[in-house]
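Novice: no FASTA, just this:
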Ligand code: BES
Ligand code: MN
Ligand code: MN
């Protein structure tokens, strides 16, 4: 079993309490990208991160975008012959609501049972920060990094990375790298380091249904005026057939077969439907007929309602025919579906099934391409060695149902292989109340990244 280099290990042993305190400072900044009232906090988190990269020895800039700023750090002292590694992460977080469900305040990091509880602890501030500290370790101990490094951190991942694709395209020369490394995902199980071989893509829609010009008395008008809530329900009900397949015409046309090797790896993973059912707490599992749970999560595209709004939802009964209804709908995509094509199909389908008597509009809010990789070559050999050194066991290859929109863009625009090695854990409550990151995974993550850089410098 390879091991973490001694001097770096000693640095982490001596500095970890300080590093944790710094992470807590980062987590105290409520950088909620979705909320305009947190605009200043998002900017403050960008500045804070830039300061920390600066102290780690990188040349750092905070670059404005049409939305939240991008933080760029660079260290190019390894020379032209050495490889260049681009580290990506996001410093924005999801809204913390509902606040009353948090056992400790979301922006007051608290350690309980070996876990750091805070919004952003694992998604993604904690995982981004462990990269910064791995860089600091090299610069402090060795006076240099083993490879050239670019750190690119964005503040809009949780709202769809809408300004990042054009940023990457415009700065492609500056961002050119031999490898992209990202920690923004979870390990398959505690103690089991994991490398992702796929992410689903995304096409996110808002569907608005408008009927009468105002809410109406449901007795005086109901039955003679089309009800927007019912019209929306009818539209949504056409999205799937009885077997759970998406019934939007053309939806599966671009879907490619999954490599047999990937399906084999998936089937070999220690996974139990019963444990999964227990984790989600639903009465039963459900989904597309003919696929296992992991296949449904990782290899199949979906269409889900994320939110519904219409009519009276307060206490007791109110007889009203609502003037309008709204649904938020997201499709998760797999290779080679594209958000643009799915938008076209969705708009055409909704137009086709919309009942008369209401006005229906479909808006595409944001999208991202799916991603799947072969995981061959020196980058992945180095990752396997580094993860084995830090965790004492070889990593497994896993898929992922979630999305990181920029990953496909990195591959397409920069032509770089992307390594996704995350240090979260199942049940980490990302996007939910009581989000946490394992302290042990944070500490091992730093060592894994430091070792990875060392390995890449040697290859
Ligand atoms: N870190 C997640 C992506 C992720 C989720 C990785 C689950 C591994 C497991 C990321 O921050 C995220 O939440 N992405 C959004 C993207 C969307 C806003 C375009 C997602 O998947 O919903
Ligand atoms: Mn994330
Ligand atoms: Mn997220």
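Specialist: Okay, I see it. Everything quoted here is computed from the prediction, not taken from an experiment. Ligands and ions are numbered 1, 2, ... in the order given.
Novice: Residue 328 contacts residue 206, doesn't it?
Specialist: Yes - the pair formed by residue 328 and residue 206 meets the contact definition of Cβ atoms under 8 Å, at 5.7 Å. In this view, the C-beta of every residue, glycine as well, is placed from N, C-alpha and C.
Novice: between those two, what contacts are shared?
Specialist: Counting by Cβ atoms under 8 Å, 6 or more residues apart in numbering, residue 328 and residue 206 have no common neighbour.
Novice: For residue 42, I want the exact helix or strand it lies within.
Specialist: helix 39-55 (DSSP states H and E).
Novice: Pull up the gap between the residue of the chain found nearest ligand 1 and residue 420, please.
Specialist: Scanning the chain for the residue nearest ligand 1 gives residue 402, at 2.5 Å (criterion: Cβ to the nearest ligand atom). From residue 402 over to residue 420 the distance is 11 Å, taken as Cβ to Cβ, to the nearest Å.
Novice: where are the low-confidence patches of the stretch 101-250 of the chain?
Specialist: Across the stretch 101-250 of the chain, nothing is flagged by pLDDT under 70.
Novice: so where do the strands sit in it?
Specialist: Using DSSP state E, counting those that start in this stretch, the strands found in the stretch 101-250 of the chain span residues 110-112, 115-117, 148-154, 179-182, 194-196, 198-199, 201-210, 216-217.
Novice: mind checking pLDDT for residue 279?
Specialist: In this prediction, residue 279 carries a pLDDT score of 89.
Novice: Quick check: which element contains the residue lying closest to it once chain neighbours are set aside?
Specialist: Nearest residue to residue 279, sequence neighbours excluded (Cβ to Cβ, 6 or more residues apart in numbering): residue 427, at 6.2 Å. Assigned by DSSP H and E, residue 427 falls within no helix or strand.
Novice: Check the contact between residue 427 and residue 280; I expect there is one.
Specialist: No - the criterion here is Cβ under 8 Å, and residue 427 misses it with residue 280 at 10.2 Å.
Novice: The two: who's more crowded?
Specialist: Counted by other Cβ atoms under 10 Å, residue 427 and residue 280 do not tie: residue 427 has more neighbours, with 12 against 7.
Novice: Would you mind listing what in the stretch 1-150 of the chain touches ligand 1?
Specialist: 123-124 (Cβ under 6 Å from any ligand atom).
Novice: okay if I get the strands of the stretch 101-250 of the chain as a markdown table plus distance to residue 168 and mean neighbour count?
Specialist: Compiled in a markdown table, these are given as follows (distance: least, Cβ to Cβ, whole Å; neighbours: other Cβ atoms under 10 Å):
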| stretch | distance to residue 168 | mean neighbour count |
| --- | --- | --- |
| strand 110-112 | 36 | 14 |
| strand 115-117 | 31 | 23 |
| strand 148-154 | 8 | 25 |
| strand 179-182 | 10 | 24 |
| strand 194-196 | 20 | 24 |
| strand 198-199 | 16 | 26 |
| strand 201-210 | 16 | 21 |
| strand 216-217 | 50 | 14 |
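Novice: Please name whichever of those strands is nearest to residue 276.
Specialist: If you check each of these against residue 276 by Cβ to Cβ, strand 194-196 wins as the nearest, at 16.3 Å.
Novice: How about the residues of the stretch 101-250 of the chain by ligand 2?
Specialist: Within reach of ligand 2 by Cβ under 5 Å from the ion, the stretch 101-250 of the chain has these residues: 123-124, 184.
Novice: Now do the contacts for the residue of the stretch 201-350 of the chain found nearest ligand 2.
Specialist: As assessed by Cβ to the ion, ligand 2 sits closest to residue 202 within the stretch 201-350 of the chain, at 12.8 Å. Contact analysis of residue 202 by Cβ under 8 Å, 6+ apart lists 160, 330-333, 339, 366-368, 403, 405.
Novice: change it to 10 Å
Specialist: Counting by Cβ atoms under 10 Å, 6 or more residues apart in numbering, residue 202 touches 160-161, 330-333, 339, 342, 365-370, 402-405.
Novice: Which of those residues fall in strands?
Specialist: Judged by DSSP state E, the subset of those located in strands is 330-333, 365-368.
Novice: Residue 267: which of those residues is nearest?
Specialist: Closest to residue 267, out of all of those and judged by Cβ to Cβ, is residue 332, at 21.1 Å.
Novice: right, and the closest one touches residue 402 too?
Specialist: Yes - with contacts counted by Cβ atoms under 10 Å, residue 332 reaches residue 402, the gap being 8.3 Å.
Novice: Which one's more surrounded, these two?
Specialist: The neighbour comparison of residue 332 against residue 402 (other Cβ under 10 Å) goes to residue 332, with 22 against 17.
Novice: looking at the sheet around that one, what are its partners?
Specialist: The partner list for residue 332 in beta bridges (DSSP bridges) reads residue 202, residue 302.
Novice: how close does it get to residue 40?
Specialist: 33 Å.
Novice: nearest residue to residue 103 other than its sequence neighbours?
Specialist: Spatial nearest neighbour of residue 103, excluding adjacent residues (Cβ to Cβ, 6+ apart): residue 434 at 5.8 Å.
Novice: What of residue 284?
Specialist: In space, residue 284 is closest to residue 277, 7.3 Å off (Cβ to Cβ, 6+ apart).
Novice: check contacts around that neighbour.
Specialist: Residue 277 neighbours (Cβ under 10 Å, 6+ apart): 283-285, 293.
Novice: Next, give phi and psi for it.
Specialist: Per-residue torsions, residue 277: phi -60, psi -40 (degrees, to the nearest 10).
Novice: same question, residue 11
Specialist: The phi and psi values for residue 11, taken as degrees, to the nearest 10, are phi -60, psi -50.
Novice: Just to check, it is in contact with residue 136?
Specialist: Yes - the pair residue 11 and residue 136 passes the contact test of Cβ under 10 Å, sitting 8.5 Å apart.
Novice: Mind listing the shared neighbours of these two?
Specialist: Residues touching both residue 11 and residue 136 (Cβ under 10 Å, 6+ apart): 19, 446, 450.
Novice: will you turn those residues into TSV that also has distance to residue 227 and neighbour count?
Specialist: Shown next, in TSV, are the shared contacts of residue 11 and residue 136 (distance: Cβ to Cβ, whole Å; neighbours: other Cβ atoms under 10 Å):
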residue	distance to residue 227	neighbour count
19	57	20
446	56	28
450	61	29
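Novice: all strands of the stretch 251-400 of the chain, in order?
Specialist: Using DSSP E, counting those that start in this stretch, the strands of the stretch 251-400 of the chain run over residues 302-310, 320-321, 324-333, 359-368, 371-372, 396-398.
Novice: ranking those by burial, who's on top?
Specialist: Neighbour counts (mean count of other Cβ atoms under 10 Å) averaged over each of the strands of the stretch 251-400 of the chain peak at strand 371-372, with a mean of 24.
Novice: which strands and helices sit next to that strand?
Specialist: strand 198-199, helix 406-409 (3 or more Cβ pairs under 10 Å, 6 or more residues apart in numbering; DSSP states H and E).
Novice: which residues touch residue 238?
Specialist: By Cβ under 10 Å, 6+ apart, the contact list for residue 238 reads 247-248, 349-350, 352-354.
Novice: among those, which two are most distant?
Specialist: Of all pairs drawn from the contacts of residue 238, the one with the longest distance (Cβ to Cβ) is 247 and 354, at 15.2 Å.
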